[in-house]
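Q: one predicted model, sequence on top.
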Amino acid sequence: MNRLPRIEQYGLIGDTQTSAHVCDDGSIDWLCLPRFDSSAVLAGLLGTPKHGSWRIAPAQSADRFDEGVVAERRYCGDSLVLESVWRTPTGSVRVLDFMPPRDGAPQVIRMVEGVAGEVQMVSALRPRPGYGSVSPWIHGVAGRMVAEAGADALWLDTSVPQVEKDGAIVSAFAVTAEQRVSFVLSWCPSHAAAPDLPDPQAALAETLAFWQDWTRECSYDGPYREPVVRSLIALKAMTYGPSGGIVAAPTTSLPEEIGGGRNWDYRFTWLRDASTTLAALLGTGYRQEAQAWRRWLLRAVAGDPENLQIMYGITGERDLRERELPWLPGFEGSAPVRVGNGATEQLQLDVFGEVIETLYLAHQKGVARCADTAVLHQRLVEHLVQRWQEPDEGIWEIRGARRHFVHSKVMAWVAIDRTIRLVEAGALTMERGPLVELRETIHREVCTKGFDPDRNTFTQSYGSTALDAATLLIPSTGFLPPDDPRVIGTVDAVRRELGTPDGLVHRYPTIGDRPGVDGLKGDEGAFILCSFWLVDALALTGRLDEATGLFERLLALRNDLGLLAEEYDPVQGRQLGNFPQAFSHMGLIQSARLLHRLSAQRFTAPGMAAVSAPRPPSCKSRPACANRTSQHA
């Protein structure tokens, strides 16, 4: 029976510089070396095994398109070491897959251990550098096998015999109980000397210790600790250790609609995604990552905040030009496959709010003040003052005409509000009066131009009737208190017009075969982060039981390893989009923390109808909107 793996059938391993995707049939189908944004040497995820794959499996299921999948798999404790167990008629075997955190050459290590009986195994590595476009020169060197192509050299070391067969490095071997066979794939520049012979057992111990030491720092002790810790590990795995940059996801072009063209490269550092990810890390006790990212931010933006990009490369690169790879057919035929991202040239005003909010949270969490960051902060605010009234492409990076997006204006308000708070705390030296006046001006404009009084809801953009799930953030930002009728009306409208029957949420309306507000044809799945935003909005507006029920439904969407993609198709019951997605795991962590906090408050005050987010000064006076539908207007 032919079987194409779904996105959720993959697990992630990584070394905080790059990562690999391991399918539940034993095949690694995505591996970029030596960095997240490097060219893939295994790209079967976006095509077929001939575009690059490495499968280790029992010989009787060596054809990956039969029914041969692992009986069970899990991560070893709080780590990124993946354990898969196979059971066959002759015995059972365990495979450990991991990538040791490193200072030198990247390695993928696969350890095959006999559990019972005897199992005939096959390893077939089909390296294809250049995103699956290049067949390398495979040959032996002093008893080792190497695949070379252009600048890349892949060395495969093992104790069992290896042969080249039809462009693959193949090993056939047997394991019995307590017997171990290890395979180590190492990358180095093709002009460099061969990497040192590896010690797989020592590397395993070091990898387990690295992750266990890191997860011990987690300060969250609520009822959802297991999914929170697993999400934190996923976020750490998407952090490029040498620079502090955080990728939005470690993949490119996994589709938002099967067969559609909404396929984008997420292997870069979005200021928005990285900021919100750091908020989740700061909230669970991780300050070192915030300090590293702040240094990354200073280097990336440099002395040029007037030309702020919404994303950069993982070490601050600015040139992320988008192109298509026509030789790759795409995941389940979802073409085109893209590398690079043209959205880097967009104006997204909300980014100022997310970055400054993170700097504010870092101050609250005791991250030491940095004079250079204070200068950058001031220049970002000065630039925002000049541009906040412009239309932009917004949080969803539309490829249509610019608009005055409500969420963008709300986050501009957040940037000014948090700046005022830092000024008042003595952490930033700026003139307070003009900032307070601007904060009130933005607030008044949003309530006047971005609110539909007939439907009692904030809209996607000024003058639009369409809704946008990003407006669910209004209460959590403090722009309006959660008990304001305009907030409650917006939450209800988003649920009604953008929600699915099982409670998930779409970002905004799409129109199928015609371009929508985003300038693109096609549809997409429910957006997982937006669904977590709905959890938060329900909880803040006093509907804690509904919020908890939705949160637990979202937890059930994770795959068997606790991982979430960008979107979910509730009709076909499958994950969609790049995987795993930092946004989704950040949303899970933040919702878990909020539910834990509000549940504790309800326990101490059971009669409470709604629990407010911390209110900034402007919320106390609640500036009047032009309409009079709200009792607070």
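A: On my side now, so go ahead. Numbering: from 1, shown residues only.
Q: neighbours around the residue nearest to Ala466 when sequence neighbours are not counted, how many?
A: Leaving out its chain neighbours, the residue that sits closest to Ala466 by Cβ to Cβ, 6 or more residues apart in numbering is Gln460, at 4.5 Å. C-betas here are computed from N, CA, C, even on glycine. Neighbour count of Gln460, defined by other Cβ atoms under 10 Å: 25.
Q: ditto for Asn341
A: Asn341: 22 surrounding residues under other Cβ under 10 Å.
Q: doesn't Asp319 make contact with it?
A: No: applying Cβ atoms under 8 Å as the test, Asn341 and Asp319 come out as separate, 11.1 Å apart.
Q: Ala493 contacts Arg455, correct?
A: Yes: using Cβ under 8 Å, Ala493 makes contact with Arg455 at a distance of 5.9 Å.
Q: any idea how far Val228 lies from Ala547?
A: For Val228, the distance to Ala547 equals 16 Å [Cβ to Cβ, to the nearest Å].
Q: cool, Glu424 as well?
A: In this view, Glu424 and Ala547 are 32 Å apart by Cβ to Cβ.
Q: of the two, who's got more company?
A: Ala547 (23 against 11).
Q: can you give me the separation between the more buried one and Leu555?
A: 13 Å.
Q: just the pLDDT at Val70, thanks.
A: Predicted confidence (pLDDT) for Val70: 79.
Q: ok, it - contacts?
A: By Cβ atoms under 8 Å, 6 or more residues apart in numbering, the contact set of Val70 is Asp24, Asp25, Gly26, Ser84, Val85, Trp86, Val95.
Q: and with 10 Å instead?
A: Applying Cβ atoms under 10 Å, 6 or more residues apart in numbering to Val70 gives the contacts 11, 22-26, 57-58, 61, 83-87, 93-95, 560.
Q: can you check Ile7 too?
A: 21, 45, 251, 254-255, 258, 331-332, 559, 563, 565-567, 574-580.
Q: same question for the biggest strand by length in the chain, mean pLDDT?
A: When the chain is parsed with DSSP state E, its longest strand is strand 107-126. Averaged across strand 107-126, pLDDT comes to 97.
Q: got it, and stretch 83-93?
A: If you average the pLDDT over stretch 83-93, you get 94.
Q: next one: stretch 420-436
A: 95.
Q: can you tell me how far the nearest residue to Pro501 once chain neighbours are set aside is from Asp560?
A: What sits nearest to Pro501 in space, not counting adjacent residues and going by Cβ to Cβ, 6+ apart, is Pro570, at 7.3 Å. In this view, Pro570 and Asp560 are 19 Å apart by Cβ to Cβ.
Q: cool, Gly522 as well?
A: For Gly522, the distance to Asp560 (Cβ to Cβ) stands at 29 Å.
Q: neighbour count winner among these two?
A: The neighbour comparison of Gly522 against Asp560 (other Cβ under 10 Å) goes to Gly522, with 19 against 13.
Q: who's the more buried one bridged to?
A: Here Gly522 sits in beta bridges with Gly512, going by DSSP bridges.
Q: tell me the contacts of it?
A: Gly522 touches 255-257, 259-262, 510-516, counting by Cβ under 10 Å, 6+ apart.
Q: so which of those is the most crowded?
A: Pro255 (27 neighbours).
Q: need the contact list for that one.
A: 7, 46, 261-264, 330-335, 337, 522, 524-525, 567, 576-578.
Q: ok, of those residues, which come out buried?
A: Buried by 16 or more other Cβ atoms under 10 Å: 7, 46, 261-264, 330-331, 334-335, 337, 522, 524-525, 567, 576-578, out of the contacts of Pro255.
Q: just to revisit the earlier point, okay, and which of the contacts of Pro255 map to strands?
A: Those of the contacts of Pro255 lying in strands (DSSP E): Glu567, Leu576.
Q: now do the longest helix anywhere in the chain: which elements does it pack against?
A: When every helix of the chain is counted residue by residue (DSSP state H), the longest turns out to be helix 582-604. Applying 3 or more Cβ pairs under 10 Å, 6 or more residues apart in numbering; DSSP states H and E, we find helix 582-604 packed against helix 225-237, helix 271-282, strand 526-527, helix 528-540, helix 544-555.
Q: average pLDDT across the shortest one?
A: When the per-residue pLDDT values of strand 526-527 are averaged, the result is 96.
Q: who's in contact with it?
A: So strand 526-527 is contacted by 256, 396, 469-470, 498-500, 502-508, 533, 554, 557, 566-571, 576-577, 581, 583-584, 587 (Cβ under 10 Å, 6+ apart).
Q: contacts only, for Leu204.
A: With Cβ under 10 Å, 6+ apart, Leu204 has these contacts: Cys76, Ser79, Val81, Leu96, Phe98, Pro100, Ile109, Met111, Ser182.
Q: which secondary structure element contains the residue nearest to Arg553 when sequence neighbours are not counted?
A: With Cβ to Cβ, 6+ apart as the criterion, Arg553 has its nearest non-adjacent residue at 6.1 Å, and that residue is Gly503. In the assignment (DSSP states H and E), Gly503 maps to no helix and no strand.
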